[in-house]
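Engineer: Pasting the sequence and the predicted model now:
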Amino acid sequence: MTAEHQRLRVNASSKVPLELWGPYLSDRQWGTVREDYSHNGDAWNYFPFSHAHWRAYKWGEDGIGGISDYFQNLCLSFAFWNGKDHILKERLFGLGNSEGNHGEDVKELYYYLDNLPTHYYMQMLYKYPQQAFPYAKLLAENKRRSKLEPEYEILETGIFDDDAYFDVLITYAKHGKKDLAIKVEVTNRGKAAAPFTLLPNLWFYNRHSNQRLSAQPNIKVVSDQAVQAHHEKLGPYYFYFPKTTELLFTDNVTNLGKFTNQPSDYIFTKDAFHEAIINKKNYEQLKARGYGTKFAPVYQANIAAGATKTWHFRLSDKLIDQPFSQHDAQVFKKRRKEADDFYADVLPQQMSQDVRNVQRQALAGLLWSKQFYHYDIERWASTGDGLNPPIGSRMVGRNSDWMHLKNQDIILMPDKWEYPWYAAWDLAFHCIALAMVDANFAKHQLILLMREWYMKPDGQLPAYEWNFGDVNPPVHAFAAMQVYHIEKEKVGTGDVAFLKRIFQKLLINFTWWINRKDQNGNNIFEGGFLGLDNIGVFNRSIQLHSHMQLEQADGTSWMGMYALNLMDMAIEIAMHDRSFEDSATKFFEHFVLIAEALNELGLWSEEDGFFYDTLSVANAPRIPLRIQSVVGLTPLFAVSIINKKALLQLQDFTKRIGWYERYRLRNKRYWPNEERADDDKILVSLVPKERLVALLTRMLNEDEFLSAGGIRALSKHHEKNPYTVRIEGVNYTIQYDPGDSTSDFFGGNSNWRGPVWMPINFLLIQSVKRFGQFYGDSLTVEYPTGSGIQLNLTEVAAQLTRRVISLFVANENHSRQLHGAENPFYQKPENRHLVLFYEYFHGDSGRGLGASHQTGWTALVAELLNELGSKVEKAPLTNPADE
């Protein structure tokens, strides 16, 4: 057992398996719904980036490479200045939704390199240009470009040409739970010496201005290299720093003069450090003050070409005479070795160094994505922010039917800049990857979303803060079973108590789906956009006409999958507690009814060999929407194998499904099961064998769904064959669109009309693998379609896994598909190890698109590598397009 495993074991006994200090600071707080107190709900324009340095936040904080305690009382992050910028670099820059030609997007280079589940070792890298940061150029060019053009990225500006930038490497190593050593190493990659200014910012979240504290917290000097930060919830902490006479103090409060455009006599505001460093205003006054709620020592250096300047800091609850002793220097080596030991134990070691690096960085990004999320909708809706008073319309506006939602937790974010808010189905996938290294926290996250301060009283789960009432695919039962089995495989026993606890909550959510999303009572489900944004020919969340209803193949398939997942869960629990056996029977029988509806009520096209959404029109035939997208592949997700052990032990369940089968077959009703007499297995699936083969024939066709990097969200068939449907005089059209979105659906910053998406590929791979476990060599298909090569489905799953992994792995030229045209920058020796984990990938080239730090669900690549294990080395990963 490694040192990290021992720490995790201690945390497992806590009510919340979480360290007090971690990377809980957001990368972006501005432009969020939480900070929106506008009259029209325009969050991006109400609190834009340009306001972030002078306006205090109400619901959280942000910074670069930062940390906080788990209630975000005290925060620490780093600010930089190159001597040329007009803004002190205190936070990452990006475009708001209306500023980018494809929605919001961060325009910085930063990488999460390492992290442990307990955060005893963490490391991230930020690349800071030596010339003036191209804020205006990035904004102007992205606004100029149309949606038919790619986004304009920072590397295109030329600001990193000639290596004229600094590598800022930030490392944390804990002495103990409340004692953190911090190291900042700044390397000049350029050809000439360059100036660099560093400000480690220590500040308090401004709860005090919201009257949430009895006394205002305070930071004050205690020695020439230490300040004390005192907070009534935390007690005293001490921040130690190298000696400097430049100690600046201010308060974390809004500069009201900037808001009113009137001069203000009060200088101790949030932007005081910016004004002091950039505009040389009030510098001496900030030095002389000696106390405040925000503090920074200032360090200036002229760093020679190729040289590295190192600063050490320390944050501790102890008063220490010699904070930077030899012991402090050694802790970084010690914790790095503990991190190496931990990952050597939990990750497959037969893989190449590059593949292991991809896997470790994926998990590092996932662990860095933990964020303190604070949002009390009732208080938000009924109060103002100090700049605008409360308005009555907010009480009946966005999320007004979620007044019970009161969140104040550490949650895994999809991307702490682009999506600094949780999303229900994203979080389910995060937990699957997280279970590899911290199953207890993964279980905690899944349970947390089901708690009373998240789940609506009627059972609906909150989708995301822009509209908590939107409907995400119900994948949480699937995720819970994945986490359960990953942990069981690692430790030898499964946490049945966890399954029991989440099963009770999932029952409530399942009932909500049945009551709200099956309006006709025929087991054909709606659901709206279901997380797939612009996958439809029109916005699936909007009712077209009162006499029309969209019946969704994917809504129905998700519910079939949900029923099957709950059946699997009930069977697993019933093997230990027979009182759950009836629940297994209930969900089995419900699944049969959903399978019957999907296969026999018009969603399957025999002509096309595919499932489609249909428009149900009053007093008229259904209109099939013949779009070949992942919507038609989702029925593959609902597949399970009931084994002999369960059949023998759960006799009432076995007896009941036997009777149910005989009854339905005798009455010529649909029956979804297939049995193998040789080993007493029962396959339960939404898709009969002949339809499975038809779907796989399309899915594995490189001219349709199969790309070099995985399965596309929309078939390439629609590149030359756009689909158009005419409804009451209006034409709606969809076409293969492999890159950035060219539509405005859901903000226009993601695209499901062609690119490769990790969660869908993960689900497809798991499903094909499950079919392969049942059929073995008795069922083979062409892979790829038309190649003449026959593979069984286990082999097909492995090949699909290889294609997805090939997006991330470097070839012999140190090139990665996901870097696309930016590969020359990443082929430099100092950058070869750097990997980004994009939201989705170009359907033809594999280039990364969307959010660039989505170790959110794109961290699933770590679990795919884990499953493939040593097989990666036996068949080198290459781009199939090059073969």
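Structural biologist: Nice, I can see it.

Engineer: Give me the below-cutoff pLDDT ranges for the stretch 351-500 of the chain.
Structural biologist: The model of the stretch 351-500 of the chain has no residue with pLDDT under 70.

Engineer: where along it do the strands fall?
Structural biologist: 370-376, 406-412 (DSSP state E, counting those that start in this stretch).

Engineer: now do the stretch 51-200 of the chain
Structural biologist: For the stretch 51-200 of the chain, strands defined by DSSP E, counting those that start in this stretch occupy the ranges 67-69, 74-81, 94-95, 105-106, 109-115, 121-129, 165-176, 179-188, 194-204.

Engineer: which other residues reach the third one?
Structural biologist: For strand 94-95, contacts defined as Cβ atoms under 8 Å, 6 or more residues apart in numbering pick out Arg28, Phe49, Glu104, Asp105, Val106, Lys107, Glu108, Leu138, Leu139, Asn142, Trp417, Glu418. In this view, the C-beta of every residue, glycine as well, is placed from N, C-alpha and C.

Engineer: coming back round to it: mind putting the strands of the stretch 51-200 of the chain into a markdown table with mean neighbour count?
Structural biologist: Below are those laid out as a markdown table (neighbours: other Cβ atoms under 10 Å):
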| stretch | mean neighbour count |
| --- | --- |
| strand 67-69 | 23 |
| strand 74-81 | 22 |
| strand 94-95 | 22 |
| strand 105-106 | 22 |
| strand 109-115 | 23 |
| strand 121-129 | 22 |
| strand 165-176 | 21 |
| strand 179-188 | 21 |
| strand 194-204 | 21 |
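
Engineer: Take the ones you listed and lay them out in CSV including distance to Asp321 and mean pLDDT.
Structural biologist: Listed next are those as CSV, based on distance: least, Cβ to Cβ, whole Å; pLDDT from 0 to 100:
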stretch, distance to Asp321, mean pLDDT
strand 67-69, 24, 98
strand 74-81, 22, 98
strand 94-95, 43, 96
strand 105-106, 42, 96
strand 109-115, 31, 98
strand 121-129, 25, 98
strand 165-176, 15, 98
strand 179-188, 14, 98
strand 194-204, 20, 98
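
Engineer: could you redo those strands as JSON lines and give each row distance to Asp495?
Structural biologist: Formatted as JSON lines, the strands of the stretch 51-200 of the chain follow (distance: least, Cβ to Cβ, whole Å):
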{"stretch": "strand 67-69", "distance to Asp495": "28"}
{"stretch": "strand 74-81", "distance to Asp495": "34"}
{"stretch": "strand 94-95", "distance to Asp495": "39"}
{"stretch": "strand 105-106", "distance to Asp495": "37"}
{"stretch": "strand 109-115", "distance to Asp495": "24"}
{"stretch": "strand 121-129", "distance to Asp495": "27"}
{"stretch": "strand 165-176", "distance to Asp495": "27"}
{"stretch": "strand 179-188", "distance to Asp495": "31"}
{"stretch": "strand 194-204", "distance to Asp495": "38"}
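
Engineer: Which one of the strands of the stretch 351-500 of the chain lies nearest to Asp458?
Structural biologist: strand 406-412 (17.2 Å; Cβ to Cβ).

Engineer: which stretch among the strands of the stretch 51-200 of the chain comes nearest Trp558?
Structural biologist: The nearest among the strands of the stretch 51-200 of the chain, by Cβ to Cβ, is strand 105-106 at 29.4 Å.

Engineer: Quickly run through the sheet partners of the closest one, with directions.
Structural biologist: strand 94-95 (antiparallel) (DSSP bridges).

Engineer: which stretch among the strands of the stretch 51-200 of the chain comes nearest Leu791?
Structural biologist: When the strands of the stretch 51-200 of the chain are compared by Cβ to Cβ, strand 109-115 sits nearest Leu791, at 36.3 Å.

Engineer: now for that closest one, which elements pack on it?
Structural biologist: On a contact count with 3 or more Cβ pairs under 8 Å, 6 or more residues apart in numbering; DSSP states H and E, strand 109-115 meets strand 121-129, helix 353-368.

Engineer: Okay, Asn667 and Tyr660: tell me how far apart.
Structural biologist: For Asn667, the distance to Tyr660 (Cβ to Cβ, to the nearest Å) stands at 11 Å.

Engineer: Name the residue in these two with the higher neighbour count.
Structural biologist: More neighbours surround Tyr660 than the other of Asn667 and Tyr660, with 17 against 7 (other Cβ atoms under 10 Å).

Engineer: quick one, what contacts the more buried one?
Structural biologist: Tyr660 neighbours (Cβ under 8 Å, 6+ apart): Phe588, Glu589, Val592.

Engineer: Can you say which of those are buried?
Structural biologist: When these are checked for burial by 16 or more other Cβ atoms under 10 Å, the buried set is Phe588, Val592.

Engineer: Could you export the contacts of Tyr660 to CSV, including columns for pLDDT, distance to Glu812 and secondary structure?
Structural biologist: Below are the contacts of Tyr660 laid out as CSV (pLDDT from 0 to 100; distance: Cβ to Cβ, whole Å; DSSP: H, G, I helix; E, B strand; the rest coil):
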residue, pLDDT, distance to Glu812, secondary structure
Phe588, 96, 51, helix
Glu589, 95, 55, helix
Val592, 96, 52, helix
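
Engineer: coming back round to it: mind checking the helices and strands packed on strand 109-115 for the one nearest to Ala810?
Structural biologist: Of the helices and strands packed on strand 109-115, nearest to Ala810 by Cβ to Cβ is helix 353-368, at 5.2 Å.

Engineer: helices or strands up against that closest one?
Structural biologist: strand 109-115, strand 121-129, helix 326-346, helix 424-434, helix 860-868.

Engineer: Reformat these into TSV and put distance to Tyr783 next to each item.
Structural biologist: Output for those, formatted as TSV (distance: least, Cβ to Cβ, whole Å):
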stretch	distance to Tyr783
strand 109-115	35
strand 121-129	39
helix 326-346	31
helix 424-434	25
helix 860-868	16
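
Engineer: With Phe160 as the reference, name the closest of those.
Structural biologist: Per Cβ to Cβ, nearest to Phe160 of the helices and strands packed on helix 353-368: strand 121-129, 6.5 Å.

Engineer: Given that closest one, what are its sheet partners and their directions?
Structural biologist: Using DSSP bridges, strand 121-129 pairs in its sheet with strand 109-115 (antiparallel), strand 165-176 (antiparallel).

Engineer: quick one, which of the ones you listed is nearest to Pro129?
Structural biologist: strand 165-176 (5.0 Å).

Engineer: Give me the distance from the closest one to the chain's centre.
Structural biologist: Its chain's average C-alpha position is 23 Å from that of strand 165-176, according to Cα atoms, centre = their mean, to the nearest Å.

Engineer: Ok, stretch 390-403 next?
Structural biologist: The answer for stretch 390-403 is 27 Å, by Cα atoms, centre = their mean.

Engineer: May I have the distance across that stretch, first residue to last?
Structural biologist: 16 Å (Cα to Cα, to the nearest Å).

Engineer: buried stuff in it?
Structural biologist: For stretch 390-403, by 16+ other Cβ under 10 Å, it's Arg394, Arg398, Asn399, Trp402.

Engineer: out of the residues you listed, what pair is the most spread apart?
Structural biologist: By the measure Cβ to Cβ, Arg394 and Trp402 form the most distant pair in the buried residues of stretch 390-403, at 12.5 Å.

Engineer: In terms of helix, strand or coil, where does the residue nearest to Thr585 when sequence neighbours are not counted fall?
Structural biologist: Distances taken as Cβ to Cβ, 6 or more residues apart in numbering put Arg656 closest to Thr585, at 4.8 Å, once the chain neighbours are dropped. Secondary structure, DSSP: H, G, I helix; E, B strand; the rest coil: Arg656 is helix.

Engineer: Give me the number of neighbouring residues for Arg656.
Structural biologist: Arg656: 18 neighbours (other Cβ under 10 Å).

Engineer: how close does it get to His576?
Structural biologist: 20 Å.

Engineer: export stretch 335-347 as PDB, just CAs?
Structural biologist: Provided in PDB are the C-alpha atoms of stretch 335-347 (Å, rounded to 0.1, in the frame of the first residue of the first chain):
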ATOM      1  CA  ARG A 335       5.600  13.800  -2.700                       C
ATOM      2  CA  ARG A 336       6.600  13.400  -6.400                       C
ATOM      3  CA  LYS A 337       7.900   9.900  -5.600                       C
ATOM      4  CA  GLU A 338       4.700   9.100  -3.700                       C
ATOM      5  CA  ALA A 339       2.800  10.200  -6.800                       C
ATOM      6  CA  ASP A 340       5.000   8.000  -9.000                       C
ATOM      7  CA  ASP A 341       4.500   5.100  -6.700                       C
ATOM      8  CA  PHE A 342       0.700   5.600  -6.600                       C
ATOM      9  CA  TYR A 343       0.300   5.700 -10.400                       C
ATOM     10  CA  ALA A 344       2.700   2.800 -10.800                       C
ATOM     11  CA  ASP A 345       0.400   0.800  -8.600                       C
ATOM     12  CA  VAL A 346      -3.000   1.800 -10.200                       C
ATOM     13  CA  LEU A 347      -2.100   2.100 -13.900                       C
END
